[in-house]
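In: coords please:
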Amino acid sequence: MELLKDSAKRTTSVQWPDAVDDRLQVLVALAAAEGVQVSRAQLLAALVASAPMDGVQLGEVARTYLRERPEPFTQATGSAGDLPVVRRPGAKRR
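Out: Reported below is the predicted structural model:
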């Protein structure tokens, strides 16, 4: 039985604000704290795969993101605190 995570892959290039990338890292650490070892790419795929197939709901999600201010978003993300440190692959960010 083939799993979705093991099916044919497509490489994409995502460009987004640093604060969103920082939140992704916290989400990966939250998953790790629950015993789920998931890569950043796998978590992104899981979030997309679980998104509702409803234009109204997705429109509202998009509108909310497009109106988001950086400072409140960053504050809401918080810090990893007691979460496991999950190393990012590749070169270190400066």
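
In: From residue 12, how far off is the residue lying closest to residue 61 once chain neighbours are set aside?
Out: Nearest residue to residue 61, sequence neighbours excluded (CB to CB, 6 or more residues apart in numbering): residue 51, at 7.9 Å. All C-beta atoms are positioned from the backbone trio N, CA, C, and that covers glycine. According to CB to CB, to the nearest Å, residue 51 and residue 12 sit 15 Å apart.

In: and these two? which has more neighbours close in?
Out: Neighbour totals were compared for residue 51 and residue 12, and residue 51 leads with 11 against 7 (other CB atoms under 10 Å).

In: What are the phi and psi values at the more buried one?
Out: Backbone torsions for residue 51, taken as degrees, to the nearest 10, come to phi -60, psi 140.

In: Am I right that it is in contact with residue 58?
Out: Yes - counting by CB atoms under 8 Å, residue 51 does reach residue 58; the two are 6.8 Å apart.

In: So the residue lying closest to residue 33 once chain neighbours are set aside: helix, strand or coil?
Out: Nearest non-adjacent residue to residue 33, counting by CB to CB, 6+ apart: residue 83, 5.1 Å away. Secondary structure for residue 83, judged by DSSP: H, G, I helix; E, B strand; the rest coil, is coil.

In: which stretches of this protein aren't confidently modelled?
Out: Counting by pLDDT under 70, the low-confidence segments of the chain come to 79-82, 87-94.

In: Which residue ranges of it form helices?
Out: Taking DSSP state H as the criterion, the chain carries its helices at 18-33, 40-49, 55-67, 70-77.

In: Identify, out of the ones you listed, the most deeply packed stretch.
Out: Ranked by mean neighbour count, these are led by helix 18-33 with a mean of 16 (mean count of other CB atoms under 10 Å).

In: for this structure, which residue is closest to the average position?
Out: The chain has residue 24 as the residue nearest its centroid, 3.7 Å off, counting by CA atoms, centre = their mean.
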